[in-house]
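Participant: Pasting the sequence and the predicted model now:
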Amino acid sequence: MPAMHAPAVPSNPVMPDWSAYAGEEFNLTERRPLAILSETDESFVVDGFYHRGEFWKSVIPKRGVAQIIGQQLNFSKPKRQKDGSSKPSMFFLNHVQARLVMAPDCPARLYPRDAEARGEPAHCLTDFCYSVEAVGPHGRRWNPSDALLGNLAIVHRFLSIHEVAFERIMLARMTVIQSPPLPLEPQIRDTMLCEAVRESHANGIDRPYFMFRMPGTATNCTSEPLKLLDRVLRTPREQRFFHRLPIWPRGYLQLRGLWQDGQPHPSLNEQMAAWLESEEAQQRRQIHLARKKELPRNHAPRKVSWLKNVASFLRAVRTDSRRKRR
């Protein structure tokens with residue numbers, strides 16, 4: 001019999017009490033965690049896999065991860081140089097995520113959310129990503145103030161490689177740097193996938209996102225994937241040093257012996273160049289534009305007093321500390 005799980009997203013998703021935006025509706029139009037619906041020895045059945053601008057029910061196999069590739073992108077505003085080139089204005093604002101390439105006979109199978117997860121799937125994907133990001137109310141995206149104060153929630157999401165290319169390259173015009181395939185044994189790769197699925201479900205959207213907080217802890221897009229990696233690999237404590245801040249993603253993998261020199265790997269921009277020019281990508285843009293028209297109006301970020309920010313910060317710290325003690 002499959003093991004049943006409670007949904008990862010509540011029926012009335014509003015910002016939790018610890019946030020300065022408590023009670024406001026979450027913006028879950030693109031970013032949601034997975035909810036494990038059932039589980040067998042061979043696979044998970046989950047809700048919340050993101051592809052082509054929609055959330056899908058998916059059957060994710062527990063075995064068959066052929067490669068895990070680290071991805072890094074800097075999300076600060078580009079700064080124009082004298083020679084006409086550009087570079088990130090803040091070198092330390094890096095996002096880290098894992099690209100999972102499955103064996104051809106072990107794809108993630110996607111079905112409409114109101115359908116049974118059996119029979120012929122709507123999509124079969126052998127290339128997708130696990131990403132940890134911040135999510136907040138409508139009109140409030142990641143920003144340094146909320147990221148430091150813990151006003152946003154952290155979400156562990158799964159999305160297709162096409163969505164990564166669309167969101168990060170086509171829309172945000174970022175460069176997605178990729179590591180060589182991480183030198184991990186097949187069993188470790190499969191365990192990483194299973195742990196990421198469980199982590200997505202377990203965290204839901206009720207945990208604060210902290211870019212950094214005293215005394216030297218963090219719950220951000222860099223710290224969480226590396227914590228999962230260290231847990232699976234049982235990384236020695238000395239190699240976990242300074243893994244909490246998004247300032248040196250490549251170095252963090254080098255410290256663990258996982259980004260090996262002499263093995264160049266093309267950027268995702270290069271690999272997906274043909275798709276970004278394709279009719280499918282243009283259709284994806286139309287889906288995005290149509291969705292923007294449907295989003296709630298008059299959701300400009302509201303101002304929060306310093307007193308309320310301080311109070312919500314203390315509540316978020318207590319909430320995060322309780323979660324870590326469990």
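Facilitator: Yep, that arrived.

Participant: Quick check: longest helix in this structure by residues?
Facilitator: Using DSSP state H to define each element, the chain has its longest helix at helix 306-325.

Participant: Name whatever forms a beta bridge with the residue nearest the centre of the chain.
Facilitator: The centre of the chain sits closest to residue 131, judged by Cα atoms, centre = their mean, with a distance of 2.0 Å. When assigned by DSSP bridges, residue 131 has beta-bridge partners residue 97, residue 157.

Participant: For it, give me its contacts.
Facilitator: Taking Cβ atoms under 8 Å, 6 or more residues apart in numbering, we find residue 131 in contact with 95, 97-98, 156-159, 164, 221. Quick note: C-beta positions are derived from backbone N, CA and C, even for glycine.

Participant: Relative to residue 253, which of the residues you listed is nearest.
Facilitator: Of all these, the one sitting nearest residue 253 is residue 98; the distance, using Cβ to Cβ, is 10.8 Å.

Participant: Please name the spatially closest residue to that closest one (chain neighbours excluded).
Facilitator: The shortest distance from residue 98 to any non-neighbouring residue, by Cβ to Cβ, 6 or more residues apart in numbering, is to residue 130 (4.7 Å).

Participant: my read: residue 186 touches residue 68, true?
Facilitator: No - if you go by Cβ atoms under 8 Å, residue 186 and residue 68 don't touch, sitting 10.6 Å apart.

Participant: What pLDDT is listed against the residue nearest to the centre of the chain?
Facilitator: We note a pLDDT of 97 for residue 131 in this prediction.

Participant: One more: residue 305?
Facilitator: At residue 305, the model reports a pLDDT of 71.

Participant: Neighbours of it, how many?
Facilitator: Residue 305: 9 surrounding residues under other Cβ atoms under 10 Å.

Participant: Enumerate every residue touching it.
Facilitator: Contacts of residue 305 (Cβ under 8 Å, 6+ apart): none.

Participant: For the stretch 101-250 of the chain, which segments count as strands?
Facilitator: Secondary structure of the stretch 101-250 of the chain (DSSP state E, counting those that start in this stretch): strands located at 108-111, 123-125, 127-135, 153-160, 177-178, 210-213, 217-219.

Participant: Adding distance to residue 61, write those out as TSV.
Facilitator: Shown next, in TSV, are the strands of the stretch 101-250 of the chain (distance: least, Cβ to Cβ, whole Å):
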stretch	distance to residue 61
strand 108-111	7
strand 123-125	11
strand 127-135	12
strand 153-160	13
strand 177-178	23
strand 210-213	33
strand 217-219	29
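
Participant: And those strands: which comes nearest residue 49?
Facilitator: Between residue 49 and the strands of the stretch 101-250 of the chain, the tightest spacing by Cβ to Cβ is seen for strand 153-160, at 5.2 Å.

Participant: Show me what the closest one is packed against.
Facilitator: When contacts are defined as 3 or more Cβ pairs under 8 Å, 6 or more residues apart in numbering; DSSP states H and E, strand 153-160 sits against strand 43-51, strand 127-135, helix 186-203.

Participant: Many thanks, we can stop here.
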